[in-house]
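# Could you work out the structure for the sequence below:
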Amino acid sequence: MEHLDLAPIARAEGSIVLPGSKSISNRTLLLAALAEGVTEVLGLLDSDDVTVMLAALDQLGVRIQRHGDSRDFTVSGVAGPFPVKSGNFFLGNAGTAFRPLTAALALSGGDYQLSGVPRMHERPIGDLIDALRGLGAQVAYTGNPGYPPLTLSPAQGTGADQVAVRGDVSSQFLTALLMALPLTGRRVTVQVIGELISKPYIDITLNLMARFGVTVERDGWAAFTVDGSQRYHSPGVIHVEGDASSASYFLAAGALGRGPVRVEGVGSGSIQGDVRFADALAAIGADIRWGDNWIEARGTGRVKAFDADFNHIPDAAMTLAVAALAADGRSVLRNIGSWRVKETDRIAAMATELRKVGAVVEEGEDWLAITPPAQLTPNAAIDTYDDHRMAMCFSLVALLGAPVRINDPKCVGKTFPGYFQAFASICQPA
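The predicted structure is shown next:
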């Protein structure tokens, strides 16, 4: 297996221009494709997940032109359901492509097959499918019920004007439904069953839908209504924000490596909930400074032990699990059950790999407790489970004085192909 050895790092200092947000990139591409008019999408993320979405939209008849070697694209919208009415789509392990495309294709009146890598076939989708069937969609499982792969057929009948979806498994189910609802042409309400997790990601969805001319009526976090008389219209130009989840690794590096480290591309004006990671870092002792389009972190190399609910920032919270290795006691991350249905079972994976560096780790269904060792175990070989965030998180171990090996480092290509080069650019070897 390919690996990357990281030597101990004495200090982290400098600035990083963040790549575009995955969540914003793939939502924007889908909305631009469904919209009437031409949209200039500037600063699109260069990653595996976005490549999957671009390929699928091209296959569906959406004309997309790239501006030279830049990450700027022109998307010519199809003004409604996709014109290509059949296709077989392999979507890798890209949840931000698989779930929204499932909803849009189920309401596009065609015959489609959707599949992915083996892990995607272990990630639940049944709650989304139940809601789509309520809207009249015809969806069949070709493997295990409740999981991909899927076969979609043209909808039959008009379907219900109210459907329900669970909110406690993945916020992508609600996001997918909301973005696809204008295709029904009627007024539909989605009721959320249980606690809605990852609420800031729904805020991103609502914000971008509004940018494309569709407003969503809401009853708090319990119900969302879309009037199907609305249609998506191009806003002309959209700039993709830097990725706030990716910012977490560099901000943590600033705190653990004394800093200062500045990330550029997100700031106080961001629409991404993961910028709240900076607040979580400040709460455990980091010095955080904000600008409109930047955040800066510095620290002492140590952090305070913590016990907190991280339901609102589940992806960025993974970074805090590794930062807990520098804490002055036992730390607990709570309400992170969604980790179990991500690119891997992240609670189990994080527990296994933290133990390799010497931590005492306890895990529950939706929580993780970490007690740091007096001294980290050097030269631990960290397995990454084909999960980009595992690789990026554990790079921070090198800032705590221990050499570490990252297995399969190329898995960062899912969201940040140049991560390790960017990380090296702010690090001073011990």
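
# for the closest residue to Arg340 other than its chain neighbours, what are its contacts?
Among residues not flanking Arg340 along the chain, Ile347 sits closest, at 5.7 Å (Cβ to Cβ, 6 or more residues apart in numbering). The C-beta positions use only the backbone N, C-alpha and C, and glycine is treated the same way. Applying Cβ atoms under 8 Å, 6 or more residues apart in numbering, we find Ile347 in contact with Ile336, Gly337, Trp339, Arg340, Glu363, Asp366, Leu368.

# The fifth one and Asp307: what is the separation?
Okay, so that is Glu363. According to Cβ to Cβ, to the nearest Å, Glu363 and Asp307 sit 15 Å apart.

# and if you look at the second one?
Per Cβ to Cβ, Gly337 is found 17 Å from Asp307.

# Which one of those two is surrounded by more residues?
Gly337 (17 against 12; other Cβ atoms under 10 Å).

# Confirm Ile64 sits in a strand?
Yes: counting by DSSP: H, G, I helix; E, B strand; the rest coil, Ile64 is found in a strand.

# hang on, isn't it packed against Asp72?
No: applying Cβ atoms under 8 Å, one finds Ile64 not in contact with Asp72, separated by 11.3 Å.

# got the contact list for the residue in the chain sticking out farthest from the centre?
Note on the chain: the largest C-alpha distance from the chain mean falls to Gly157, namely 34.2 Å (Cα atoms, centre = their mean). For Gly157, the contact set (Cβ under 8 Å, 6+ apart) comprises Gly136.

# Can you report how many residues lie near Ser245?
Neighbour tally, Ser245, other Cβ under 10 Å: 28.

# try Ser395
By the criterion of other Cβ under 10 Å, Ser395 has 25 neighbours.

# Repeat that for Arg334.
Neighbour number of Arg334 under other Cβ under 10 Å is 16.

# Who does it form a beta bridge with?
Beta-bridge pairing of Arg334 under DSSP bridges involves Asp309, Trp367.

# doesn't Asp309 make contact with it?
Yes: with contact defined as Cβ under 8 Å, Arg334 reaches Asp309; the gap is 4.9 Å.

# thinking again about what came up before, quick one: the residue nearest to Arg340 and His67, what's the gap?
For Ile347, the distance to His67 - Cβ to Cβ - is 41 Å.

# Same question for Val237.
Counting by Cβ to Cβ - Val237 and His67 are separated by 12 Å.

# Also Ala106?
32 Å.

# more crowded one of these two?
Taking neighbours as other Cβ under 10 Å, Ala106 and His67 compare with Ala106 leading, 30 against 12.

# number of nearby residues for the residue nearest to that one when sequence neighbours are not counted?
Spatial nearest neighbour of Ala106, excluding adjacent residues (Cβ to Cβ, 6+ apart): Ala137 at 3.8 Å. Applying other Cβ under 10 Å, we find 24 residues neighbouring Ala137.

# for this protein, where's the lowest mean pLDDT among helices and strands?
strand 427-429 (a mean of 94; mean pLDDT, DSSP states H and E).

# Mind listing the strands that one pairs with, and their directions?
strand 9-17 (antiparallel).

# Spell out the residue ranges of the strands in the stretch 251-400 of the chain.
258-264, 287-290, 294-298, 307-309, 331-334, 360-363, 367-371, 380-382 (DSSP state E, counting those that start in this stretch).

# Give the pairing partners of the second one; include direction for each.
Each strand that strand 287-290 pairs with, and the sense of that pairing, follows from DSSP bridges: strand 294-298 (antiparallel).

# all helices of the stretch 151-300 of the chain, in order?
171-180, 199-211, 244-256, 277-283 (DSSP state H, counting those that start in this stretch).

# roughly how far out does the shortest one sit from the chain middle?
Computed by Cα atoms, centre = their mean, to the nearest Å, the chain-centroid distance of helix 277-283 equals 19 Å.

# List the buried residues in that helix.
Neighbour counts over helix 277-283 (16 or more other Cβ atoms under 10 Å) mark Phe277, Ala278, Ala280, Leu281, Ala282 as buried.

# Name all residues that make contact with the nearest residue to the first one once chain neighbours are set aside.
The reference is to Phe277. On the basis of Cβ to Cβ, 6+ apart, the spatially nearest residue to Phe277 that is not a chain neighbour turns out to be Ala316, at 3.9 Å. Listed by Cβ under 8 Å, 6+ apart, the contact partners of Ala316 are Ala244, Ser245, Ser248, Asp274, Arg276, Phe277, Ala280.

# Identify the residues contacting the second one.
To tie it back to what came earlier, the one meant is Ser245. Ser21, Lys22, Gln272, Asp274, Asp315, Ala316, Arg389, Thr415.

# Next one: the nearest residue to the fifth one once chain neighbours are set aside relative to Val38, how far apart?
It stands for Asp315. Taking Cβ to Cβ, 6+ apart as the measure, Asp315 lies nearest to Ser245, with 4.5 Å between them; neighbours along the chain are not counted. For Ser245, the distance to Val38 equals 29 Å [Cβ to Cβ].

# Likewise for Leu251?
36 Å.

# Could you report the neighbour count for the residue nearest to Leu135 when sequence neighbours are not counted?
Once flanking residues are discounted, Leu135 sits nearest to Gly159: 4.0 Å by Cβ to Cβ, 6+ apart. Gly159 has 17 neighbouring residues, counting by other Cβ under 10 Å.

# isn't Gly159 right next to Ala131, touching?
No: look at Gly159 against Ala131 with Cβ under 8 Å: they stay out of range, at 10.2 Å.
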